[in-house]
Each structure stands twice: as C-alpha cells, then as structure tokens.
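# Dropping the sequence and predicted coords here.
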Amino acid sequence: MIKKIHHVGIVVESLARACRFWRDALGLPLAREADIADQGVRASLLAAGDSEIELLEPTRADTGVARFLARHGEGLHHVCFETPDVDADLGALKAQNVALLDQTPRQGLAGRIAFLHPSACGSVLVELATPPHGEASADSPVRFKRLVIGCRDPQDMTKTYQQLFGLPEVAVNDGPRSLLGWSGGGTLLMVPAVEVGGTLGMAALSMVAPEMAPLVQRLQKVDAVMFSGASEITLKPEAANNVHVHISRYHFP
Ligand code: CO
C-alpha cells in the first residue's frame, strides 16, 4: 500500500529562520506553504528529491506541535508515508486494532492525511498521506536518502513496519541494523538505540548531493558545517533545528 516516504516533518520555532537554513543554505526549493488554522500550525514543504522536508511552526499554544516544541524543543517530529488510498489503509489498520490519532482522514498540507499513534510504531509518529493528483516534484540539489530510527530491537521494529505498512526490506546484513523502503523512494534505517545516543525514535537524516563544494560554501556561510570531507558533510544540529543531518556525495542516475 505504501509507495514511498512522502516527507519528514520537523518542528521549528520560526519558519522564516528555518527556511534560511533548509531552503537558502541547503538549497531545497519551496514546494508549498500554508497556514493550517484548525491545527494551529504554519507549514512549508520543501522538495528534497523524491521526498520532501516539512517544516512546522506552531501558531497557537494549545496544539500537539506547540506542546512538542515546549517539551522537546525543535527537531524531528514525524515521518509521512505516501499511499494511493489513505481511507482504505486507515480502515485496514483500524480493523487490526492499531492505535490511531485520527479515526478518519482529514485535509492537511500533503493532501488527505491521518496520523497513527506513536505507540503503534516504536515511538515514531507516523502520518499517512494521499497527495492530490498530478503533483510533480521539483528538482533539488540535495535529496533525502534515509531516516535513521533508534530502537530497542531493530528486528522487532522491522517486523512491525512490514506488518503495518508492507515496507520491503532493502538490504539484509548479519548485523543488528536493518534497512526498509525503496532505493528510489527513501529508506528507514533501524539501528539499536545505543548507536544513536540512546534515542528511541527518529534520530537522524541522511541526504545525498552530486556536488559538495558549492554546498559546503553555502553551509559555511551560515556556520552550519561540523565536518566536511571530499565526499561527506556532517552538519551542526544547532544549525539545522536540532536535526542530525549527514550528506554524502552521490551522482544521481
Ligand atoms: Co506531515
């Protein structure tokens, strides 16, 4: 049922300030922007290859996003999977007694959407979305590649995500990690929490770029680079709304 990772949602204090990093320095083009009044958020979707980055700024104090910001500060908030029929998928999950935040899909920035309860997905807040037809993704100089998730038992998490969402396993190795998803549509890398400082849930973003030099220059201007080599860049989380971002060199086919 799931086609790809549609976007990764990041909660920020100020959309304007966050755009200076994600849009201007990283170079991700703005795909859509909206005030979602009933949810008390202002959001921007930025193109990042086959997936998008969603930046969320709370506009009221009594919302889930505002409470997240007050409790955890800025950072990774949710992952959204694209499905052709969110109504059918939500019905199927409901029939399996999966814990849901939305009992019926509603209109969101990414189209028709619904959220599952994080308890159903190993402390990860998962959104399902059916975007409107005929949406073309913009070209971007940096592309989303994978989301790193810390968990108690990666094999257990893998089973859960295969059962709930039918995500295929991309590569199997003998180690404790596992990779789920699609080489072209983004992947989830499940790792033991100890590998990501004890984080249970979303821990880091991996992205790819064909050219490092112009990117490093733009990122250095906003003091965002923690490490840069010939084929990789590690960003300072404090420059990226508290998100651990790693970019490696990759020539798009
Ligand atoms: Co979202």
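Thanks, I have the structure now.
# distance of the nearest residue to His117 once chain neighbours are set aside from the ion?
Using Cβ to Cβ, 6 or more residues apart in numbering and skipping residues adjacent in sequence, the residue nearest His117 is Ala99, 3.6 Å away. Glycine gets a C-beta too; all of them are placed from N, C-alpha and C. From Ala99 across to the ion, the span is 18 Å (Cβ to the ion, to the nearest Å).
# Next, count neighbours for the spatially closest residue to Gly184 that is not a sequence neighbour.
Closest residue to Gly184 apart from its sequence neighbours, by Cβ to Cβ, 6+ apart: Asp50 at 6.0 Å. For Asp50, the neighbour count with other Cβ atoms under 10 Å is 19.
# Tell me the residues of the chain that contact the ion?
By Cβ under 5 Å from the ion, the residues of the chain that approach the ion are 9, 54, 80, 127.
# pLDDT for those residues - can I get that in JSON lines?
Listed next are the residues of the chain next to the ion as JSON lines, based on pLDDT from 0 to 100:
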{"residue": "Gly9", "pLDDT": "98"}
{"residue": "Glu54", "pLDDT": "97"}
{"residue": "Cys80", "pLDDT": "97"}
{"residue": "Glu127", "pLDDT": "97"}
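# What about the residues you listed, which are in strands?
9, 54, 80, 127 (DSSP state E).
# pretty sure the first one contacts Leu56?
Yes: judged on Cβ atoms under 8 Å, Gly9 makes contact with Leu56 at a distance of 5.8 Å.
# tell me the contacts of Lys148?
No Lys there; residue 148 is Val. Neighbour list for Val148: 189, 191, 196, 202-206, 244 [criterion: Cβ atoms under 8 Å, 6 or more residues apart in numbering].
# Who are the contact partners of Pro118?
For Pro118, the contact set (Cβ under 8 Å, 6+ apart) comprises 124-126, 201.
# Assumed Leu215 was part of a strand.
No: Leu215 is assigned helix when assessed by DSSP: H, G, I helix; E, B strand; the rest coil, not a strand.
# Skipping adjacent residues, who's closest to it in space?
For Leu215, the spatially nearest residue (Cβ to Cβ, 6+ apart) is Ala209, at 5.4 Å.
# what's across from that neighbour in the sheet?
In this entry, Ala209 is beta-bridged to Arg249, by DSSP bridges.
# How many residues are close by it?
Residues near Ala209, counting by other Cβ under 10 Å, number 25.
# Now do the contacts for it.
141-143, 215, 247-250.
# quick one on the thing from earlier: now the residues of the chain next to the ion: which count as buried?
Neighbour counting by 16 or more other Cβ atoms under 10 Å classes 9, 54, 80, 127 among these as buried.
# farthest pair in the residues you listed?
Within these, two members stand farthest from each other by Cβ to Cβ: Glu54 and Glu127, at 9.1 Å.
# one step back: which of the contacts of Pro118 sit farthest apart?
Val126 and Gly201 (10.8 Å).
# Quick check: next helix or strand after the helix or strand of the chain with the lowest mean pLDDT?
Least confident helix or strand of the chain, by mean pLDDT, DSSP states H and E, is strand 169-171 with a mean of 80. Sequence-wise, the next helix or strand downstream of strand 169-171 (DSSP states H and E) is strand 178-182.
# Pull out the buried positions in that next one.
The neighbour-count criterion (16+ other Cβ under 10 Å) identifies 178-181 as the buried residues of strand 178-182.
# coming back round to it: of the contacts of Pro118, which is the most crowded?
Val124 (23 neighbours).
# Give me the pLDDT for Asp38.
The per-residue pLDDT reported for Asp38 equals 81.
# picking up where we left off before, which two from the contacts of Val148 end up farthest apart in space?
It's Val191 and Leu205 that sit farthest apart of the contacts of Val148, by Cβ to Cβ, at 13.5 Å.
# how near is the residue of the stretch 101-250 of the chain found nearest the ion to Met226?
Residue nearest to the ion within the stretch 101-250 of the chain: Glu127 (4.7 Å; Cβ to the ion). Per Cβ to Cβ, to the nearest Å, Glu127 is found 29 Å from Met226.
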